[in-house]
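Trainee: give me the fold of what follows.
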Amino acid sequence: MQTTIYPWQQMLWQKIRQGSARQHHALLLTGRAGIGKLAWARSLAKVTLCERVDADAVACGTCASCCWFEQNQHPNFRLLTPEALSGTTDHADKDKASSSSEGGDAKSKKKLGQQITITQIRELDNFVYLSAHQDRDRLILIHPAEAMNQAAANALLKKLEEPPPNVVFILVTHDVATLPATIRSRCQQIVMPLPDRQVAQDWLQQQGADHVEVRLAMSGFSPLLAMQFDESWLEQHQTFIRCLSVLDHLAVVGLAEKLQQLELLCIVDWLQKWCFDLMSCRMTGKVRYHLQEEAVIRKIAARINPSSLAFLWRGLTTSRQWARHPLNPRLFIEELLYRYLDSVA
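Mentor: Coordinates of the predicted model:
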């Protein structure tokens, strides 16, 4: 179980460990994907459970509690994730609601695999309301919190409204705006810091990454995300951008057919970054994400209507929410591409 504190998180770590946030019954960690929120949350859980925290406010790594945590067997810790991510979780109960009818949890096994369900929240009851091992704090880490469906969010809200004693909830989200306001208001929000460019580049080089500047730009300057790019991802992204570049010959139906196997949020993110660069180039002359495509971006940006592109950008923000629960992935992608063509035509 990764419990790394990355270089760009050190200052926040010391501030939180010395402050009162760790006494709050619910924390909400927010920030873009790929900056180490989950590892930071796990580190916070580990040090809270540690029996011998060192002078630097770091878990000792040798006590019985730390050993249990590293083995994914700590009796006072639970990690809730969607079923699709459960292979990397500890004590995260598998979704057992595929044949139930609770709160819409049984609509689709495919959808359930991407969601945190009401069943998973309800199965926390024994953990939350029974005595803790050695009378120590109990921690529940929910990641990503935006994966909770409506029924699960409502069930969690009841626990946040009447928090059990000595229970700490840690919610991690890449998209805080999609969480219900009632849940946000009952958590202490912690905004996770972005690394500056030099710190991110140094870290990637230490990890042995190649094409550091390109990786960072394409990831939106999220180092952990930049490290995940493999050759297949890079090729798929390049194909997508190449198709967006040939406006007069964009085969929407064919491209949608190829892309429907990818994660839809990834496709929306790709299109958002491309549109951001078009808008930025038109308004300021700068390109942020697609440094190698700057010449093409400048050519397209010169012919677009900024108002139309701004309208598309706002629509893509809404599309991020729909991407988690699409009725038809191929039609969802086709609609995105046709809206893009209308905006840049």
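
Trainee: which parts of the stretch 51-200 of the chain are strands?
Mentor: In the stretch 51-200 of the chain, the segments counted as strands under DSSP state E, counting those that start in this stretch are 77-80, 138-142, 167-173, 188-191.

Trainee: what sits up against the biggest helix by length in the chain?
Mentor: Longest helix of the chain, by residue count under DSSP state H: helix 264-284. Helix 264-284 is contacted from outside by 218, 220, 237, 240-241, 244, 259, 286-290, 293-294, 297-298, 300-302, 304, 306, 309-310, 312-313, 316-317, 319-320, 323-324, 326, 329, 332-333, 336, 340, 343-344, using Cβ atoms under 8 Å, 6 or more residues apart in numbering. The C-beta positions use only the backbone N, C-alpha and C, and glycine is treated the same way.

Trainee: which of these count as buried?
Mentor: Neighbour counting by 16 or more other Cβ atoms under 10 Å classes 218, 220, 237, 240-241, 244, 259, 287, 289-290, 293, 297, 300-301, 304, 309, 312-313, 316, 319-320, 323-324, 326, 329, 332-333, 336, 340, 343-344 among the contacts of helix 264-284 as buried.

Trainee: pop the domain breakdown of this structure in here.
Mentor: The record assigns the chain these domain ranges, following automatic domain parsing: 7-191, 196-229, 230-344.

Trainee: now those in JSON lines, with mean pLDDT?
Mentor: Below are the domains of the chain laid out as JSON lines (pLDDT from 0 to 100):
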{"stretch": "domain 7-191", "mean pLDDT": "84"}
{"stretch": "domain 196-229", "mean pLDDT": "91"}
{"stretch": "domain 230-344", "mean pLDDT": "89"}
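
Trainee: Glu123: which of the strands of the stretch 51-200 of the chain is closest?
Mentor: With distances scored as Cβ to Cβ, the stretch of the strands of the stretch 51-200 of the chain nearest to Glu123 is strand 77-80 (9.1 Å).

Trainee: show me what the closest one packs onto, helices and strands only.
Mentor: For strand 77-80, the elements it packs on are strand 138-142, judged by 3 or more Cβ pairs under 8 Å, 6 or more residues apart in numbering; DSSP states H and E.

Trainee: which elements pack onto the strand it packs on?
Mentor: When contacts are defined as 3+ Cβ pairs under 8 Å, 6+ apart, strand 138-142 packs onto helix 37-49, strand 77-80, helix 125-129, strand 167-173.

Trainee: nearest to Asp210, of those?
Mentor: Of the helices and strands packed on strand 138-142, the one closest to Asp210 (Cβ to Cβ) turns out to be helix 37-49, at 23.0 Å.

Trainee: what comes into contact with the closest one?
Mentor: Contact with helix 37-49 is made by 1-6, 9, 12-13, 16-17, 22, 27, 29-31, 53, 57-59, 65-66, 69, 74, 76-77, 136-137, 139, 141, 143, 168, 170, 172, 174, 192, as judged by Cβ under 8 Å, 6+ apart.

Trainee: gap between it and the chain center?
Mentor: 16 Å (Cα atoms, centre = their mean, to the nearest Å).

Trainee: can you tell me, leaving aside adjacent residues, what's nearest to Phe169?
Mentor: Counting by Cβ to Cβ, 6 or more residues apart in numbering, Ala26 is the residue found nearest to Phe169 once chain neighbours are left out, at 4.3 Å.

Trainee: relative to Gln321, how far out is Ala45?
Mentor: 28 Å (Cβ to Cβ, to the nearest Å).

Trainee: ok, these two, which is more surrounded?
Mentor: Ala45 (25 against 14; other Cβ atoms under 10 Å).

Trainee: beta partners for the closest residue to the more buried one other than its chain neighbours?
Mentor: Closest residue in space to Ala45, ignoring its immediate chain neighbours: Leu139 at 4.6 Å, by Cβ to Cβ, 6+ apart. For Leu139, the beta-bridge partners under DSSP bridges are Phe77, Val168.

Trainee: re the thing from before, contacts only, for the residue nearest to Phe169.
Mentor: Counting by Cβ under 8 Å, 6+ apart, Ala26 touches Leu160, Pro163, Val168, Phe169, Ile170, Leu171, Arg186, Cys187, Gln188.
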